[in-house]
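Q: sequence unknown, structure follows:
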């Protein structure tokens, strides 16, 4: 026989149902206080779950799993739905407002000190007339 106890939950495994009921009655009588009318211990027949474990009893096997417990934990923590995938690359080559921003803020005039500083900082030169062609090529290839 095997008796499992977790807080106030008990599970009994034995080869005979009558023996299990007899043992439950003995435990109930032994744990009953004089002020109590009925034993605080009941035999609830075959167990279906115990301490977070799902128990499926068959004539030739007992299957233990914790699928329902895991589902409850996932639901409680709002983990039951997968998070949306994080894109590995931007979804668009440029932000939606990029064209309006470029047209509104054309940048410094060519051949000025401010323009030369940007060329030196970023390492390339692009004239005002060529950015539109690059933008169109970028949009077409996307």
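A: Alright, I've got the coordinates. Because the structure is predicted, anything quoted here is derived from the model rather than measured. Numbering: from 1, shown residues only.
Q: can you mark which positions in stretch 42-58 are buried?
A: Under the neighbour-count criterion of 16 or more other Cβ atoms under 10 Å, stretch 42-58 has 47, 49, 53-54 buried. In short, each C-beta sits where N, CA and C put it, glycine included.
Q: ok, those residues vs residue 28, which is closest?
A: Checking those against residue 28 by Cβ to Cβ gives residue 47 as the nearest, at 16.8 Å.
Q: now the buried residues of stretch 42-58 as TSV including secondary structure, pLDDT and distance to residue 116?
A: Below are the buried residues of stretch 42-58 laid out as TSV (DSSP: H, G, I helix; E, B strand; the rest coil; pLDDT from 0 to 100; distance: Cβ to Cβ, whole Å):
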residue	secondary structure	pLDDT	distance to residue 116
47	coil	86	81
49	strand	86	75
53	strand	85	73
54	strand	91	72
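Q: what sits against residue 55?
A: Neighbour list for residue 55: 47-49, 62-64 [criterion: Cβ atoms under 8 Å, 6 or more residues apart in numbering].
Q: what's the closest non-adjacent residue to the most centrally placed residue in the chain?
A: Centroid-nearest residue in the chain: residue 79, 2.9 Å away (criterion: Cα atoms, centre = their mean). Of all residues not flanking residue 79 in the chain, residue 73 sits nearest, at 7.8 Å (Cβ to Cβ, 6 or more residues apart in numbering).
Q: list the helices and strands the helix or strand containing the one you found packs on?
A: For residue 73, the element it lies in under DSSP states H and E is helix 67-76. When contacts are defined as 3 or more Cβ pairs under 8 Å, 6 or more residues apart in numbering; DSSP states H and E, helix 67-76 packs onto strand 53-57.
Q: report the inter-axis angle for the strand it packs on versus helix 67-76.
A: Here strand 53-57 points in a direction 150 degrees away from that of helix 67-76 (axes from the mean of the first three to the mean of the last three Cα atoms, to 10 degrees).
Q: mind giving me the domain split of the protein?
A: Per the record, the chain has its domains at 2-76, 98-141, by automatic domain parsing.
Q: kind regards, and thank you for your time.
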